[in-house]
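Asker: The sequence and its predicted three-dimensional model are supplied below.
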Amino acid sequence: MNKETFLRTLRSKLSYLSRSEVDERLAFYEEMIDDRMEEGMTEEEAVEAVGSVDRIAEQIMTETPLTKLVAGRVKPERNLRAWEIVLLIVGAPLWIPLLIAFASVLFSLYITIWCILISVYAINIAFALGAVIAVPCSIYFMCTGNVMPGVFLLGGAFLLAGLTILMFYLNVLISKGIVWLSEKLVLWIKSLFVRKDKDRS
Amino acid sequence: MDIQLKRGLLDACVLAAIKNEDSYGYKIIKDLKPYVELSESTLYTILKKLEMSDMLTVKSVELNGRLRKYYHITQKGLSRIDEFREDFKEILSIYRYITREEGENE
């Protein structure tokens, strides 16, 4: 990819930022590429060293606060006409609840993800508790002459202890997955507010 | 190194890179390379943040028919490095605590 294409592609992916901000960022990357070329790299190599456009765009979006993304999305490019304002006000009973509903759905999605995490840990703790409590119970049974139920309980205790350890490792994996998932979710929510149209210029 | 831990150090790293003489983006990345791997977008964010908080000033210099931005450290930036020196003492004592041998009480 040459410098020209790199800068053009990056610009199209940053259309949610203000014009001056995009220009400033692009100037920064251009300088980086030029400096590398001056040092002896070819144009292609220099562009490659700066990184892939997608990764850069994703990183910039992650760093940009959601409020700014929304502001960029909502800000009209021209002043609203009178009838549009009237329509907005008249339509308020319709679009405000819809907006609240949309936000609630996203919020509940987020809570659900974290509930999964809480519940797997709860199951794990239940297993551990079960194992710990079954041991004295089995001793009690054995001491009072009920050997068979006692042995059965002891076996159950070992089973639960084993499950606890196994599940603990599983939980660590699940937690990592969920942290990753919620990060992706935030990124996805942000991307909803990014203009899909190509160059705004 | 742990990313969280590194993030806190990056501001000080960038300031240190321009402490002795004015520098520009690519040179900062090169100078820091032996210590921290810094991506362009991360550097941009840090420079912007430091500029906003008056720790450095930016000057465009023309060279070979194009512009290159040079970053110059301010008094405030210099005192931030000093502050970091103080912070580091605290970090060091935490480090000693983390890596202390069993039986030591300090």
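Answerer: Done, it's in.
Asker: contacts, neighbours, all on C-alpha from now
Answerer: Noted.
Asker: Distance of B:K27 relative to chain A?
Answerer: 9 Å (CA to the nearest CA, to the nearest Å).
Asker: Tell me the residue of chain A that sits nearest chain B?
Answerer: Nearest residue of chain A to chain B: A:M32, at 5.6 Å (CA to the nearest CA).
Asker: what about that residue, neighbour count?
Answerer: A:M32: 23 surrounding residues under other CA atoms under 10 Å in any protein chain shown.
Asker: For it, give me its contacts.
Answerer: Residues in contact with A:M32 (CA atoms under 8 Å, 6 or more residues apart in numbering or on different chains) are A:V50, B:G25, B:Y26.
Asker: Likewise for B:E40?
Answerer: A:Y29, A:V50, B:I29.
Asker: In helices, which of these fall?
Answerer: A:Y29, A:V50, B:I29 (DSSP state H).
Asker: The last one: what's it in contact with?
Answerer: Spelled out, it's B:I29. Contacts of B:I29 (CA under 8 Å, 6+ apart): B:E37, B:L38, B:S39, B:E40, B:L43.
Asker: Go ahead and list the helix or strand containing the residue in chain B positioned nearest to chain A.
Answerer: The minimum distance from chain B to chain A, using CA to the nearest CA, falls at B:Y26 (5.6 Å). B:Y26 is part of helix B:25-32 when elements are defined by DSSP states H and E.
Asker: Phi, psi for B:T74 please.
Answerer: phi -100, psi 180 (degrees, to the nearest 10).
Asker: got a pLDDT number for it?
Answerer: Note on B:T74: pLDDT of 92.
Asker: how close does it sit to B:I46?
Answerer: 15 Å (CA to CA, to the nearest Å).
Asker: Same question for stretch A:164-181: list its buried residues.
Answerer: A:T164, A:M167, A:F168, A:N171, A:S175, A:I178 (16 or more other CA atoms under 10 Å in any protein chain shown).
Asker: Now the third one. Its backbone dihedrals?
Answerer: Listed backbone geometry of A:F168 is phi -60, psi -40, with angles given as degrees, to the nearest 10.
Asker: Now do the contacts for it.
Answerer: A:N124.
Asker: Run through who's touching the helix or strand bottoming out on mean pLDDT in chain B.
Answerer: Every helix and strand of chain B was ranked by mean pLDDT, DSSP states H and E. The lowest is helix B:3-17, at a mean of 80. Residues outside helix B:3-17 that contact it (CA under 8 Å, 6+ apart) are B:23, B:28, B:31-32, B:46-47, B:50, B:73, B:77-78, B:80-81, B:84.
Asker: Buried only: go through these for me.
Answerer: Members of these classed as buried by 16+ other CA under 10 Å are B:23, B:28, B:31-32, B:46-47, B:50, B:73, B:77-78, B:80-81, B:84.
Asker: so of those residues, which ones are in helices?
Answerer: Filtering the buried ones among the contacts of helix B:3-17 for helices - DSSP H - leaves B:I28, B:D31, B:L32, B:I46, B:L47, B:L50, B:G77, B:L78, B:R80, B:I81, B:F84.
Asker: Rebuild these as CSV, extending it with pLDDT.
Answerer: Listed next are those as CSV, based on pLDDT from 0 to 100:
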residue, pLDDT
B:I28, 90
B:D31, 89
B:L32, 87
B:I46, 88
B:L47, 90
B:L50, 89
B:G77, 89
B:L78, 91
B:R80, 88
B:I81, 88
B:F84, 87
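Asker: are any of the contacts of B:I29 buried, and which?
Answerer: Of the contacts of B:I29, these count as buried by 16+ other CA under 10 Å: B:L38, B:E40, B:L43.
Asker: and the least confident of those?
Answerer: B:L38 (82).
Asker: now stretch A:95-113, how far from the centre of its chain.
Answerer: 16 Å (CA atoms, centre = their mean, to the nearest Å).
Asker: Extract the CA atoms of it and return them as PDB.
Answerer: Taking Å, rounded to 0.1, in the frame of the first residue of the first chain, the C-alpha atoms of stretch A:95-113 are listed here in PDB:
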ATOM      1  CA  TRP A  95     -38.600   8.700  19.700                       C
ATOM      2  CA  ILE A  96     -37.700   9.300  23.300                       C
ATOM      3  CA  PRO A  97     -39.200   6.000  24.600                       C
ATOM      4  CA  LEU A  98     -37.600   4.200  21.600                       C
ATOM      5  CA  LEU A  99     -34.200   5.700  22.500                       C
ATOM      6  CA  ILE A 100     -34.600   4.700  26.200                       C
ATOM      7  CA  ALA A 101     -35.700   1.200  25.100                       C
ATOM      8  CA  PHE A 102     -32.600   0.900  22.900                       C
ATOM      9  CA  ALA A 103     -30.300   2.100  25.700                       C
ATOM     10  CA  SER A 104     -32.000  -0.300  28.100                       C
ATOM     11  CA  VAL A 105     -31.500  -3.300  25.800                       C
ATOM     12  CA  LEU A 106     -27.800  -2.500  25.500                       C
ATOM     13  CA  PHE A 107     -27.600  -2.100  29.200                       C
ATOM     14  CA  SER A 108     -29.300  -5.300  29.900                       C
ATOM     15  CA  LEU A 109     -27.100  -7.100  27.400                       C
ATOM     16  CA  TYR A 110     -24.100  -5.900  29.400                       C
ATOM     17  CA  ILE A 111     -25.600  -6.900  32.700                       C
ATOM     18  CA  THR A 112     -26.400 -10.400  31.300                       C
ATOM     19  CA  ILE A 113     -22.800 -10.900  30.300                       C
END
